[in-house]
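>>> Just the structure for this:
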Amino acid sequence: MTEIQALRSLAYVGVTQVAAGGIGGYEGSVTLVLNGDDPVVKNAMTLVESVKGARTHDHVLTVCAECTHLCDYAGKPVGEHPRYLAG
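Predicted structure coming up:
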């Protein structure tokens with residue numbers, strides 16, 4: 001489920017994505033515009049704020065320089081990967 005689908009089904013607001021991407025560890029970010037009556041939009045924003053920064057799953061962090069997983073950061077030293085991989 002995407003953020004758009006979640007907001008539509010949980011907060012009953014209109015949602016339009018207006019931007020995506022970022023730098024410095026925020027490469028997966030999105031910017032959304034919410035549409036609806038003020039109380040509904042305020043409720044949606046409360047929902048967003050309540051989960052903002054939450055971890056999506058438990059994972060085991062490894063040292064990227066020693067890692068053998070297939071990702072863009074395997075084998076690279078600390079400092080050449082986004083902050084969210086630092087734990």
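>>> Quick one: low-confidence residue ranges for this protein.
Low-confidence segments of the chain (pLDDT under 70): 55-64, 83-87.
>>> can you pull out the strands in it?
Using DSSP state E, the strands of the chain run over residues 14-20, 30-35.
>>> Buried residues of the last one, list them for me.
Of the residues in strand 30-35, those buried under the neighbour-count criterion (16 or more other Cβ atoms under 10 Å) are Leu32, Leu34. Using the backbone N, CA and C atoms, a C-beta is placed for each residue, glycine as well.
>>> by how many degrees do it and strand 14-20 diverge?
With axes from the mean of the first three to the mean of the last three Cα atoms, to 10 degrees defining the directions, strand 30-35 sits at 150 degrees from strand 14-20.
>>> so what strands line up beside strand 30-35?
When pairs are called by DSSP bridges, strand 30-35 turns out to pair with strand 14-20 (antiparallel).
>>> Give me the distance from the strand it pairs with to the chain's centre.
Centre-to-centre, strand 14-20 and its host chain are 14 Å apart (Cα atoms, centre = their mean, to the nearest Å).
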